[in-house]
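**Q** next one to model:
(chains A and B)
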Amino acid sequence: MNLLAFINDKRVRDWFYQIAVVVLLVGLTVFFVRNASENMLKAGIASGFGFLWRTSGIEVPFVLTGYTQADNILALFWVGVANTMLVTVIAIVLATLLGFVVGIARLSSIWLVSAIAGAYIEFVRNIPLLFFVLFWYFGVIAALPAPRQSLSVFGVAFLNNRGLTIPLPDGMENLRIAGWIILACVLAYAAFHLWARKRQERTGLHAPTLRVGLVLLLAIPLLTLAWAVLATRWDVPALRGFNYRGGFVVIPEFVALLAALVTYTAGFIAEIVRGGIQSVSHGQIEAGSALGLRSGQVLRLVTIPQALRVMIPPLTNQYLNVLKNSSFGAAIAYPDVVSLFMGSALNNTGQAIEIIAMTLAVYLVIGLAVSALMNWYNARIALVTR
Amino acid sequence: MTIRTSVAAALLVAGASLAQAQQLAPSPTLDAVKARGNLECGVHLGLPGFSFANDKGEWSGLDVDYCKALAAAVLGDANKVKYTPTSVQQRWPILQSGQVDVLSRNSTITFSRNATLGLNFQGINFYEGQTFIVRKSANVKDAEGLDGASVCVAAGSTEEKNAADWFRERNLKVTITNFQKNDDAIAAYDAGRCDAYTAGVGALAGQRIKLKNPDEHMILTKPISNDPQGPVTRWGDERWQLIVRWVLNGTIAAEMLGVTSKNVDEMKANSKNSEVRRLLGAEGGFGEMMGLSNDWMYNAIKQVGNYGESYERNVGMGSPLKLERGQNQLWTKGGVLFTPPFQ
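**A** Below is the predicted model:
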């Protein structure tokens, strides 16, 4: 084969450039990693991941994983990851709910409702998040009483400026049974729903989905829970000395960070919801009405499915922002992965590169997982052109 | 030229270059400080008595005085210091990366810091003991009385681990909330988030002044640990480490020998004590041995004062902190301060 023709072949060139870029990238990474480790060795700074198995010795006020200060630093890392995920997931759910409400209120035909929603959105979107975090934090602490003057919730939970102390079950037996029953109900409802839809497509008959749903998703779960709660022995917190002992403490840092993330992100989500709904052309709604659908049905079957398509990509961005913004918890001592791992552990071991890389990986992995989930959902509801 | 004359010439040149100057190990840090014309000193973000900038941006404090003494010894002028305020988290990377020449920031000397961070501690300028500040209304007499309490602390400090260990050993249940900065922790304590805030006695005396009502709070007197603190350098550049160490020793030796900023001129001229004369550069040529001028400690004492003067002015009875000398007294007077001889 002719050499000139080979060099001028477009496919050959494409491959060449791509390989060249990969080699360059790998080379650069290797260069920087080796350079850094050599320099650190020269400066006498420890490196490697051996420190993860050293005893941590750090006390954490908000633990979901059973960690104690006698565990190793890796266990401390997981405490941070769990706390980051906890606040992120709850904040995403609540921010979405609040955002939808505000977004729909923004479109309300009642002037006052629309104006309040508009003012909220403008206020939230033009203020830095750190301000929100500190405002909620010192607001929460200042608003709540000292432990001795706690607000009692039916005598079993207590709210004060050290957090909300809630009872913990002594045994999980009954609660676990209740969990299985509720799961069975949910699965039964899902099966019923599927069957009802198939039947409707086939025969046009409506099934009493709402009533079955009320029984399976509300009545039975509530009764089961009530039974489980009453049948379990509880470790009820009691005031002894400085604070309440026993039970589980939901710390004010968690509440403040959650409130800040939810109120802040809801402002952005509201605008996405408004934009999404307004993007559905009015003709679609009129067409729905002309077909004889009621206004609720028009919203559910015509407007929202089309609005969602516009809303999902920017919503994904907001969800990723919630994840990243949860690191603001470090400003108020919420023990997330940044505060615990990049704060306490980094300082105790001094192994900045390893610890920052691991923290980075946490955000990357969770972020990519959120994206993947949202992309899957987006593909599912995408317009299928026939 | 014969072989004999050329050999003689070569020997002559070699001899001349040996005689010309005393050979010193290279010190990149000292050269950089001299070339720059100022000393880069890492200090606390703001701790009255130790490192604190007033409304004119002038720094003062015990740790700041050490920076000044070092600048006076190296550059002849105590004001040629550029201060870099650092948080608990920033202090090591800033020193390791070479952004500061020395860190003088009430940092506790510990084994693991020495062994794994690539840092050397050059002596002790303050013997600190960790304790707690509590509200007087809480009626707490000692740390044991804190059972069940919430304690605010700065994350990554020695106090964070000390407190956790101390309460665990005694089977006391204490909730520790870790803040990123000392100021955040004390603000949260002031807002009622915690029953106590923990730090060293000296640091607490300084931070207490920042509280809304300092009189409503008290510092528990019995410390739970011993935390010696002093200036820190990075590994390497032994000659710079030597200078940092002996300037600190010099300020303590000056107090021991009775040299103060007031009598330093007279002592240099008339003292018959040869250790005083060596310290102040009247004999011995000690400064030159490190690549400094021989009046290095004279400048430091003249411009900043000896350790005792600095202590009284910043944290002692001449300051709002009103700390006793305690352990930080000379060993001859009941404390533990000690310096090797200038010989």
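
**Q** buried sites along stretch B:104-118?
**A** Buried residues in stretch B:104-118, defined by neighbour count with 16 or more other CB atoms under 10 Å in any protein chain shown: B:Ser104, B:Arg105, B:Asn106, B:Ser107, B:Thr108, B:Ile109, B:Arg113, B:Thr116, B:Leu117, B:Gly118. Yep, even glycine has a C-beta here, placed from its N, CA and C like the rest.

**Q** and the residue of the stretch 201-343 of chain B that's closest to chain A?
**A** Residue nearest to chain A within the stretch 201-343 of chain B: B:Trp235 (4.0 Å; CB to the nearest CB).

**Q** burial of the nearest residue to that residue once chain neighbours are set aside, as a residue count?
**A** Excluding the flanking residues, the one nearest B:Trp235 by CB to CB, 6 or more residues apart in numbering or on different chains is A:Gly44, at 4.0 Å. When counting by other CB atoms under 10 Å in any protein chain shown, one arrives at 17 neighbours for A:Gly44.

**Q** doesn't B:Asn114 make contact with A:Gly44?
**A** No. At 9.6 Å, A:Gly44 does not count as touching B:Asn114 under the criterion of CB atoms under 8 Å.

**Q** still on that earlier bit, so which of the buried residues of stretch B:104-118 also contact chain A?
**A** B:Arg113, B:Thr116, B:Leu117, B:Gly118 (CB under 8 Å from any CB of the partner chain).

**Q** counting only helices, which of these make the cut?
**A** Among those, the members falling in helices (DSSP state H) are B:Arg113, B:Thr116.

**Q** got a list of what the residue of the stretch 201-343 of chain B closest to chain A touches?
**A** Counting by CB atoms under 8 Å, 6 or more residues apart in numbering or on different chains, B:Trp235 touches A:Ala43, A:Gly44, B:Gly118, B:Leu119, B:Asn120.

**Q** other SSEs contacting the helix or strand harbouring A:Val124?
**A** In this assignment (DSSP states H and E), A:Val124 forms part of helix A:111-125. For helix A:111-125, the elements it packs on are helix A:73-106, helix A:252-278, judged by 3 or more CB pairs under 8 Å, 6 or more residues apart in numbering or on different chains; DSSP states H and E.

**Q** domain-wise, how is chain A divided?
**A** Annotated domains of chain A cover A:3-45, A:73-143+A:252-381 [automatic domain parsing].

**Q** now these in a markdown table, with mean pLDDT?
**A** Converted to a markdown table, those look like this (pLDDT from 0 to 100):
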| stretch | mean pLDDT |
| --- | --- |
| domain A:3-45 | 88 |
| domain A:73-143+A:252-381 | 91 |
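
**Q** looking at these, which is closest to B:Lys82?
**A** The closest of the domains of chain A to B:Lys82 is domain A:3-45. By CB to CB, the value is 22.3 Å.

**Q** ok, the closest residue to chain B within the stretch 51-200 of chain A - contacts?
**A** Relative to chain B, the nearest point of the stretch 51-200 of chain A is A:Glu59 (4.0 Å; CB to the nearest CB). If a contact means CB under 8 Å, 6+ apart, then A:Glu59 has A:Gln69, B:Glu160, B:Ala163, B:Ala164, B:Val174, B:Thr175, B:Ile176, B:Asn178 as its contacts.

**Q** residue of the stretch 51-200 of chain B closest to chain A, please.
**A** For the stretch 51-200 of chain B, CB to the nearest CB, closest residue to chain A: B:Gly156, 2.5 Å.

**Q** can I assume that residue is in contact with B:Ser87?
**A** No. Using CB under 8 Å, B:Gly156 makes no contact with B:Ser87, being 9.0 Å away.

**Q** which one's more surrounded, those two?
**A** When B:Gly156 and B:Ser87 are compared for neighbours, B:Gly156 comes out ahead with 25 against 19, by other CB under 10 Å.

**Q** ok, the more buried one to A:Val337 distance?
**A** B:Gly156 sits 15 Å away from A:Val337, going by CB to CB, to the nearest Å.

**Q** which neighbours do A:Gly44 and B:Asn114 have in common?
**A** In contact with both A:Gly44 and B:Asn114: no residue, using CB under 8 Å, 6+ apart.

**Q** name the SS class of whatever residue of the stretch 251-386 of chain A ends up closest to chain B, please.
**A** Chain B sits closest to A:Asn347 of the stretch 251-386 of chain A, with a gap of 2.5 Å, by CB to the nearest CB. Three-state call for A:Asn347 (DSSP: H, G, I helix; E, B strand; the rest coil): helix.

**Q** any idea how far stretch A:230-238 is from the chain center?
**A** Taking CA atoms, centre = their mean, to the nearest Å, one finds the center of stretch A:230-238 at 30 Å from the center of the full chain.

**Q** if you average pLDDT over it, what comes out?
**A** For stretch A:230-238, the mean per-residue pLDDT is 80.

**Q** give me the distance between the two termini of it.
**A** Taking CA to CA, to the nearest Å, the first and last residues of stretch A:230-238 lie 19 Å apart.
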